[in-house]
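>>> pasting the sequence and the predicted model now:
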Amino acid sequence: MLARLSIRDIVLIERLDLEFSRGLAVLTGETGAGKSILLDAFALALGGRGDASLVRHGAEQGQVTATFDIRNGHPATNILAGNGLDHASSQESCEMILRRVQFADGRTRAFINDQSVSVQTLKAVGATLVEIHGQHDERALVDASTHRQLLDAFAGLEKEVTALETLWESRRAAVSALDAHRASMERAAREADYLRHASDELRALRPEDGEETALAARRTIMMQGEKIASDLREAQEAVGGPHSPVPALAAAVRRLERRAANSPALVEPAVKAIDIAINALEEADQHLHAALVAADFDPGELERIEERLFALRAASRKYSTPVDGLAALAAKFASDVAMIDAGASRLKKLEAVATEADQRYGAAAAKLSAARGKSADKLNKAVGAELAPLKLERAKFMTQVESDANAPGPQGIDRVEFWVQTNPGTKAGPIMKVASGGELSRFLLALKVVLADRGSAPTLVFDEIDTGVGGAVADAIGSRLARLAGGVQVMAVTHAPQVAARASQHLLISKDALDRGKRVATRVNALAADHRSEEIARMLAGAEITAEARAAARRLLQAAS
């Protein structure tokens with residue numbers, strides 16, 4: 001419920017702080033005192049349209065802050081969570097603060113719990129917290145989807161609707177999977193001959209990932225080896241062949257060693273040096289032999305490698321795919337061919353799943369539709385019972401439920417719309433087209449009373465819905481507003497003393513002259529019992545309050561208490 005409302009520099013309101021309680025609060029005052037300004041400011045905090053003209057003359061900005069007490073789990077907290085905004089509380093109830101700043105240049109800023117939000121988010125949250133209804137306000141009745149929601153709320157069918165939405169999603173997913181498979185089968189069938197040929201060709205080719213790189217590297221080594229093989233053989237002949245210097249050097253070493261005993265200082269250095277040379281030549285011979293072995297290849301192997309590379313690259317050009325992608329392409333073609341072969345079986349399974357999902361949805365939708373039909377009759381009777389005291393005794397309220405199984409949706413197969421017949425013999429029609437402004441507000445009040453706290457925001461605001469009525473009708477409106485306030489918080493802007501007398505909180509809106517009459521400001525005062533009686537007497541008598549008016553005011557207050 002709305003706990004506090006603070007307004008700064010909005011039109012004629014300089015500074016205003018109001019506190020509200022549960023029950024029925026009425027706002028009264030002379031015409032032009034600023035009641036509409038107060039509601040416009042409240043609507044601004046709820047995400048209503050901003051306007052630079054709302055800023056008080058001479059101020060740079062105006063601001064409206066509305067503080068609500070709500071229970072955890074309220075739809076407003078879910079909206080915040082869905083937008084990544086924090087609203088955590090360990091208590092059963094918690095506070096939510098909506099704030100709107102209107103700048104004189106036309107810009108606005110929106111905040112929830114001091115977190116900056118978009119106006120759309122503020123409006124979505126505000127709609128879950130407050131409903132504002134006026135004589136010409138159509139929001140509650142103009143949209144047929146609202147009618148369905150109101151009927152479902154009256155019948156307590158919210159869980160059934162949620163369950164049906166789940167079945168609808170399952171049905172949609174099953175149909176989507178079936179359609180996708182059918183499209184794949186149709187596409188594959190159109191390309192069946194090509195797919196089979198391509199699959200067979202690539203299966204025979206058996207391409208492997210990385211094969212082209214490995215073959216090209218091996219081919220390069222073999223071709224390079226062919227070019228240097230003769231040089232390697234010539235070098236080996238020189239180092240280890242018949243003309244190798246190693247035998248001669250070995251013989252020289254043996255001769256020198258025989259002389260070493262006579263002249264060691266002269267011979268040993270030379271012997272060591274020659275030994276090193278012999279070892280180096282033998283090592284070179286070993287390396288040359290290994291190189292010749294590596295360079296030696298089968299010419300047939302080179303031919304096979306070149307043929308394989310040619311086949312792979314030809315397939316790559318043919319299928320416009322890199323050689324390393326041929327293995328994946330072959331797997332895809334094989335899968336497509338397999339789908340063609342096994343597609344019919346898969347299609348039957350998907351058709352069975354879709355059919356089952358459709359049947360489950362259809363059965364639940366039909367059951368929900370039947371429940372709505374029965375509840376529509378009950379709603380018609382309940383609303384009808386409220387119409388006579390509201391001077392609509394000759395009117396009829398009708399809930400039209402049109403069912404079409406060929407036009408299903410997440411919430412079922414029903415289109416719900418409220419119709420009325422305002423007088424016998426006249427043509428019935430949609431409530432928005434048939435009912436006048438005053439009738440529309442009373443139909444709305446009857447609906448809200450019947451629905452009580454179901455399908456409503458926790459705070460309801462009625463703006464002069466008693467305009468043009470008086471006496472018993474005004475008293476009936478007051479009685480129903482008071483009844484409605486037993487379940488939700490109700491605020492009413494009224495000119496009817498019969499309505500004002502039933503309030504648990506009475507706020508008087510007035511316009512005061514300031515600076516010796518150079519400017520005016522709107523004031524709002526909570527009235528105590530004696531002042532309240534005087535205000536109701538003014539509403540009864542007009543400009544001059546008589547003793548009879550004061551007595552009548554006291555009787556109204558006594559009757560309402």
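In hand now; what should we look at? Residues are numbered from 1 along each chain as shown.
>>> phi and psi next, for P264.
Main-chain torsions, P264, degrees, to the nearest 10: phi -60, psi -40.
>>> likewise the one 5 residues further on?
Geometry field for P269 lists phi and psi as phi -60, psi -40, criterion degrees, to the nearest 10.
>>> can you tell me the element V520 falls in?
strand 519-526 (DSSP states H and E).
>>> moving C-terminal of that strand, what's the next helix or strand?
helix 529-541.
>>> list the contacts of that next one.
Residues outside helix 529-541 that contact it (C-beta atoms under 8 Å, 6 or more residues apart in numbering) are 28, 495-497, 500-501, 506, 508, 525, 527, 545-546, 548-550, 552-554, 556-557. In short, each C-beta sits where N, CA and C put it, glycine included.
>>> one step back: CA atoms of the strand holding V520 as PDB?
Once non-C-alpha atoms are left out, strand 519-526 reads as follows in PDB (Å, rounded to 0.1, in the frame of the first residue of the first chain):
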ATOM      1  CA  ARG A 519       1.100  33.800  -5.900                       C
ATOM      2  CA  VAL A 520      -0.800  30.800  -4.700                       C
ATOM      3  CA  ALA A 521       0.100  27.400  -3.400                       C
ATOM      4  CA  THR A 522      -1.800  24.200  -2.900                       C
ATOM      5  CA  ARG A 523      -2.100  22.900   0.600                       C
ATOM      6  CA  VAL A 524      -3.300  19.500   1.900                       C
ATOM      7  CA  ASN A 525      -4.400  19.100   5.500                       C
ATOM      8  CA  ALA A 526      -5.500  15.900   7.300                       C
END
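>>> buried residues in it?
Residues of strand 519-526 classed as buried: A521, T522, R523, V524 (neighbour count, 16 or more other C-beta atoms under 10 Å).
>>> these two touch, right, R203 and V337?
No. With contact defined as C-beta atoms under 8 Å, R203 does not reach V337; the gap is 9.8 Å.
>>> quick one: contacts of the strand holding V520?
11-14, 16, 18, 27, 33-34, 37-38, 505-514, 531.
>>> so where is the stretch 151-300 of the chain shaky, pLDDT-wise?
Applying pLDDT under 70 to the stretch 151-300 of the chain flags residues 226, 297.
>>> which residues in it form strands?
Taking DSSP state E, counting those that start in this stretch as the criterion, the stretch 151-300 of the chain carries no strands.
>>> can you give me the helices in it?
158-190, 192-205, 211-240, 246-259, 264-295, 299-318 (DSSP state H, counting those that start in this stretch).
>>> the ones you listed into TSV, with extra columns for distance to I132?
Formatted as TSV, the helices of the stretch 151-300 of the chain follow (distance: least, C-beta to C-beta, whole Å):
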stretch	distance to I132
helix 158-190	24
helix 192-205	64
helix 211-240	73
helix 246-259	113
helix 264-295	92
helix 299-318	70
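>>> roughly how far does L5 sit from V26?
15 Å (C-beta to C-beta, to the nearest Å).
>>> looking at these two, which is more packed in?
V26 (28 against 20; other C-beta atoms under 10 Å).
>>> so what's that one closest to, chain neighbours aside?
In space, and not counting its chain neighbours, V26 is closest to A503: 4.0 Å by C-beta to C-beta, 6 or more residues apart in numbering.
>>> on that earlier part again, so if I had to pick from R203 and V337, which one is more boxed in?
Higher neighbour count among R203 and V337: V337, with 18 against 14, using other C-beta under 10 Å.
>>> in which helix or strand does that one reside?
Using DSSP H and E, V337 falls in helix 326-387.
>>> between the very next helix or strand once past that helix and helix 326-387, how many degrees?
Next in sequence after helix 326-387, counting helices and strands by DSSP H and E, comes strand 396-403. Put simply, strand 396-403 runs at 160 degrees to helix 326-387, going by axes from the mean of the first three to the mean of the last three C-alpha atoms, to 10 degrees.
>>> let's have the buried residues of strand 519-526 in JSON lines, adding distance to E212 and pLDDT.
Listed next are the buried residues of strand 519-526 as JSON lines, based on distance: C-beta to C-beta, whole Å; pLDDT from 0 to 100:
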{"residue": "A521", "distance to E212": "87", "pLDDT": "86"}
{"residue": "T522", "distance to E212": "85", "pLDDT": "88"}
{"residue": "R523", "distance to E212": "89", "pLDDT": "89"}
{"residue": "V524", "distance to E212": "85", "pLDDT": "90"}
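>>> of the residues you listed, closest to A482?
V524 (21.5 Å; C-beta to C-beta).
>>> and the buried residues of strand 519-526 as CSV, adding distance to P269?
CSV is the format used below for those (distance: C-beta to C-beta, whole Å):
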residue, distance to P269
A521, 122
T522, 122
R523, 124
V524, 122
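>>> which one of these is nearest to T459?
V524 (17.2 Å).
>>> how near is that closest one to I13?
The value you get for V524 to I13, if C-beta to C-beta is used, is 8 Å.
>>> which residues are in contact with each of the two?
Shared contacts of V524 and I13 (C-beta under 8 Å, 6+ apart): L38.
>>> tell me where the stretch 1-150 of the chain is predicted with low confidence.
87-93, 134-143.
>>> how deep is L80 tucked in, by neighbour count?
Using other C-beta under 10 Å, L80 has 22 other residues around it.
>>> what element comes up after the helix or strand harbouring it heading to the C-terminus?
Assigned by DSSP H and E, L80 falls within helix 75-82. Moving toward the C-terminus from helix 75-82, the next helix or strand (DSSP H and E) is strand 93-103.
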